[in-house]
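> Pasting the sequence and the predicted model now:
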Amino acid sequence: MRNISFMLTTQQIRNRTKTVTRRIGWSFLKVGAELQAVEKSQGLGKGGRIKRLCVIRVTSVRPEPLGALVEDLVYGFKETALEGFPVGSRYSDPFKFINFFCSSHRHCTPATIVNRIEFEYL
């Protein structure tokens, strides 16, 4: 089973408040794929171990520009909630979410096409 890291949103996965994730790449992913959600999978250092969180199943995957979150703010707020940031939380504002996402992904801009992956917990 392939690992998928949730280093920046570990708590949302643990709380099961996150059902959507956006990724640069992962275009090979298909509906029905089961993935092992992990805390971190790269840069573990010598003797580091992967911390498994849960198993998820992909229910939808589609490409879209990251900036779609601010083109329609109703959609944007709905999506940030699905990303685990409900209204009033740190990155619930779609503009702040885009800044958060781009700051953690090299060469990312609001125009970057990302894969929106929706999933369920198993």
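That came in fine, so what should we check first?

> So which residues of this structure form helices?
In the chain, the segments counted as helices under DSSP state H are 10-15, 68-71, 73-82, 94-103.

> Identify each buried residue in the lengthiest strand in the chain, please.
Taking DSSP state E as the assignment, the strand of the chain that covers the most residues is strand 52-65. Buried residues in strand 52-65, counted by 16 or more other Cβ atoms under 10 Å: 53, 56, 58, 61. For every residue, glycine as well, the C-beta is placed using N, CA and C.

> likewise stretch 83-90?
By neighbour count on 16+ other Cβ under 10 Å, the buried set for stretch 83-90 is 83-85.

> Ok, stretch 12-29 next?
Residues 12-13, 17-22, 26, 29 are the ones in stretch 12-29 that count as buried (16+ other Cβ under 10 Å).

> What are the buried residues along stretch 88-99?
Buried residues in stretch 88-99, defined by neighbour count with 16+ other Cβ under 10 Å: 91-94, 97-98.
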